[in-house]
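# predicted model and sequence below, questions to follow.
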Amino acid sequence: MARISNYSTVTLWNTKIKQALKQNQLHKPLILFSQMKQLGIQPDNLTFPFVAKACGELRNLNNSEIIHTHVVKSPYRSDKYVQTSLLDMYVKCCSIDCAYKLFDEMSERDVASWNVMLSGFCQMGFWSRVVGLFSEMRLGGVEADSITIIGLVQLGCLVRDVRFVSSVHCLGMVVGVEVDVKIGNTLIASYAKCGDWDSAEKVFDGIGFDCLTVVSWNSLIAGCAYVGKSVESIGLYRMMLSHGYRPDGGTILNLLTLCDQDGALNCGKSIHSHGIKVGCNKDMSVLNTLISMYSKTGDVRSARNIFDAIKEKTRVSWNAIIGCYAERGDLDEAMALFRSMEASGHKPDLVTALYIISGSGKIGALETGRWIHSYVVLNKFHSNLVVSNALIGMYAKCGCMTLAREIFNTMHEKSIVSWTTIISGYALHGELKEALDHFELMLELGLTPNHVTFLSVLQACNHAGNLNKGWEYFYLMAIVYNLSPEIEHYSCMADLLGRRGKLKEAVEFVQNMRIRPDAGIWGALLSACKIHRNIEIGLYAAERLLAIEPQVGAPYVEMANIYASVGRWDGVSKMRTMMKNNQVTKYPGQSVVQVNGKTHTFTVEGRCHTADVLIYETLDGLNLQLQEKFDSAFIEEMVFLP
DNA sequence: GTAGGGTTAG
């Protein structure tokens, strides 16, 4: 009798727990679990997976460990379903070591447990362990299923390796997993994100009209939006509607990613209102993406309004709003929200930490940076690839190359991003030799540099004033690596030429570019003209700059400075009049730095910081040293000239 | 019991 009563009671509790999970009330399962323990009701092989799921979703390691202990004490300790759910729980909490220990000790492992372990290594960025584990799995006679294939395709997509994606595609067919619509959908988005649009369309066409789902269309739109084809994405969306498909949250979400930069606010707003029309404004993922969209387009108020209006905020909602402030350099507000997130019972996770790390780097807040670093270590996120990369970048930006290097050297696995980050760190500090040594070492290890890596190398050359090395790598990129230079690479070279006083060559270089020059490149030339007091080329650059951005004050001021530096006061007043006539106002640029938890603001040419005259004395000293360093770099390069 | 949105380099 007692057993029957326990059975029906457990079922009742399980239903309650399941319902709470479904409604995204993630704290409830744990409360219910402890209540039933108090009442003496024994949880069963369904209770544990549900509660484990909640712990995983909450990224709460402490609770996860408690649940694990309960499982060990229960009769279900060797149940493979229960064990797999624990595995997933640890993976979600970033405790890859705990997960692997559990996995290693499992007596019976099926394809689901392998899949969880694979996704765990994938999430940590341990690519070679994913590949190793996969071959181990096949050697052990466990057949891959569609979820394995989907996971591997996503890995290929993550590392942007189209060859990897297509080999997994073939493998999927060889292994005998029928290429079902879910694999197809993943392949569409992955091929597109790796830049292989033809293959993406081929997979889409191959699915067959009867099997196509909304998700297939979503994947195609996502891929299209990812590579920045906004017009085509909207076209695909129209086509989807005309074929009678009803958009879901995912569709709106993918369209929203089209509006990820300043100036795209109107586009974002219209998609938002369209989302409301098709009834997706209650969808949590849409709401969270809306926060990000408004944040990225610069409308902080709207982002905050949406966040404040969400009743049941999720971890992702908190992350989105914290990211909003951190990305804009408002670290104080981001940290305040971080505390509120903790107070609300949501544990800040890896993504929260990433936002705080990058925000700290952005404004040079070393103290907050160090604090979040310790938080990351405490919560065992530190061995994650993305987190390590972010930490390296943060320390480099805060001026601590020693710490940046220490993290770099002790990393579990390094990606092209890790190498690029350390190179750009050295570039930032003007350490050309270190930057180039790391670049060469990276090549020796067989990694292929991409356009960002080359940009960092060029910036290192630029900051060190080494024109010869600059040309060397500019051509290496184009000829050996077949990467056509982008506007940033051209800008960097033009800047380098200009700073070295080769203004005529710089202008010719810009005129012969394969891309249309932008405001940045003319601005770089203009400031080079300021350094070398060249009115003729300065005026040429200023004219081009004003043709692109007529309402920006900087070119007038720069030109006025050039005139002033050679005593042409007529020119100075001409510029002032032009500014007045064109109703242009110039806001002085500012820089921000955090010291002892206090944020200090500095204005261009301003000497009004209240702290100390010492600051300005030090700055003057630094300027002198910089001048000397620049001169010696110039001499150094002269020695190498034929 | 696995798969999804949000994240790192300029």
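Cool, the structure landed. Numbering: from 1, shown residues only, chains lettered A, B, ... in the order given.

# can we go C-alpha only for contacts and neighbour counts from here?
Fine.

# residues in contact with the residue in chain A positioned nearest to DNA strand B?
Across chain A, the shortest distance to DNA strand B (C-alpha to the nearest atom of the strand) belongs to A:S285, at 2.6 Å. Neighbour list for A:S285: A:249-250, A:253 [criterion: C-alpha atoms under 8 Å, 6 or more residues apart in numbering].

# so how far is A:L366 from it?
Distance from A:S285 to A:L366, counting by C-alpha to C-alpha, to the nearest Å: 33 Å.

# now do A:T251
40 Å.

# burial count for A:S270?
Around A:S270 there are 12 other residues, counting by other C-alpha atoms under 10 Å.

# so who does it touch?
No contacts exist for A:S270 under C-alpha under 8 Å, 6+ apart.

# which pLDDT value belongs to it?
Per-residue confidence (pLDDT) for A:S270: 79.

# among the contacts of A:S285, name the ones in helices.
The helices, defined by DSSP state H, take in A:249-250, A:253 from those.

# buried residues, stretch A:41-55. List them.
Using 16 or more other C-alpha atoms under 10 Å as the test for burial, stretch A:41-55 gives A:41, A:43-55.

# of these, list those near DNA strand B.
Among the buried residues of stretch A:41-55, proximity to DNA strand B is found for A:49-50, A:53 (C-alpha under 7 Å from any atom of the strand).

# for the closest residue to A:H532 other than its chain neighbours, helix, strand, or coil?
In this structure, A:H532 finds its nearest non-sequential neighbour in A:G501, 6.3 Å apart by C-alpha to C-alpha, 6 or more residues apart in numbering. Here A:G501 is coil, with the state taken from DSSP: H, G, I helix; E, B strand; the rest coil.

# got phi/psi on A:G501?
Backbone torsions of A:G501, given as degrees, to the nearest 10, read phi 80, psi 0.

# hmm, A:N534 and it touching each other?
No: counting by C-alpha atoms under 8 Å, A:G501 sits too far from A:N534 to count as a contact (9.4 Å).

# these two: who's more crowded?
Legend: neighbour count by other C-alpha under 10 Å for A:G501 and A:N534, higher for A:N534 (20 against 17).

# okay, the closest residue to that one other than its chain neighbours: pLDDT?
Leaving aside its sequence neighbours, A:N534 sits nearest to A:I562 (C-alpha to C-alpha, 6+ apart; 7.2 Å). With respect to pLDDT, A:I562 scores 80.

# could you list the buried residues of the strand or helix carrying A:I562?
Assigned by DSSP states H and E, A:I562 falls within helix A:554-565. Neighbour-count burial for helix A:554-565, counted by 16+ other C-alpha under 10 Å, picks out A:554-565.

# redo these as CSV? Include distance to DNA strand B.
As requested, the buried residues of helix A:554-565 are exported to CSV (distance: C-alpha to the nearest atom of the strand, whole Å):
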residue, distance to DNA strand B
A:A554, 21
A:P555, 22
A:Y556, 26
A:V557, 25
A:E558, 23
A:M559, 26
A:A560, 28
A:N561, 27
A:I562, 27
A:Y563, 30
A:A564, 31
A:S565, 30
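
# sort out which one of these lies nearest A:D79 for me.
A:A554 (68.7 Å; C-alpha to C-alpha).

# I figured A:S358 hits A:E327, correct?
Yes: the pair A:S358 and A:E327 qualifies as a contact (C-alpha under 8 Å) at a distance of 7.5 Å.

# please identify which of the two sits among more neighbours.
When A:S358 and A:E327 are compared on other C-alpha under 10 Å, the one with more neighbours turns out to be A:S358, at 25 against 20.

# now do the contacts for that one.
Contacts of A:S358 (C-alpha under 8 Å, 6+ apart): A:326-327, A:390-391, A:393-394.

# quick one: name the residues of the stretch 201-350 of chain A near DNA strand B.
Checking the stretch 201-350 of chain A against DNA strand B by C-alpha under 7 Å from any atom of the strand, the hits are A:253, A:257, A:283-286, A:288-289, A:292, A:315-316, A:319-320, A:349-350.

# one more time with 10 Å, if that's ok
A:219, A:222, A:226, A:249-250, A:253-258, A:260, A:283-293, A:295-296, A:314-320, A:323-324, A:327, A:348-350 (C-alpha under 10 Å from any atom of the strand).

# hmm, back to that, which one of the buried residues of helix A:554-565 is nearest to A:L265?
A:A554 (25.1 Å).

# separation between the closest one and A:A519?
Applying C-alpha to C-alpha to A:A554 and A:A519 gives a distance of 11 Å.

# and if you look at A:I66?
With C-alpha to C-alpha as the criterion, A:I66 and A:A519 are 58 Å apart.

# got it, and A:R129?
A:R129 is 45 Å from A:A519, by C-alpha to C-alpha.

# same question, A:K580
The value you get for A:K580 to A:A519, if C-alpha to C-alpha is used, is 21 Å.

# higher neighbour count, these two?
Neighbours were tallied for A:K580 and for A:A519 using other C-alpha under 10 Å; the higher tally belongs to A:A519 (17 against 11).

# okay, buried residues for stretch A:430-440 please.
Buried-residue list, stretch A:430-440, by 16+ other C-alpha under 10 Å: A:430-432, A:434-436, A:438-439.

# looking at those, which one is closest to A:Y481?
Nearest to A:Y481 among the buried residues of stretch A:430-440: A:F439, at 13.8 Å, using C-alpha to C-alpha.

# what packs against the strand or helix carrying that closest one?
For A:F439, the element it lies in under DSSP H and E is helix A:432-444. With contacts defined as 3 or more C-alpha pairs under 8 Å, 6 or more residues apart in numbering; DSSP states H and E, the packing partners of helix A:432-444 are helix A:416-428, helix A:451-464.

# for A:W569, which of the ones you listed is the nearest?
Comparing the helices and strands packed on helix A:432-444 under C-alpha to C-alpha, the one sitting nearest is helix A:451-464, at 32.4 Å.

# tell me the average confidence for the closest one?
For helix A:451-464, the mean confidence score works out to 95.

# next, the angle helix A:432-444 makes with it.
160 degrees (axes from the mean of the first three to the mean of the last three C-alpha atoms, to 10 degrees).

# helix A:451-464 packs against which elements?
helix A:416-428, helix A:432-444, helix A:467-475, helix A:487-499.
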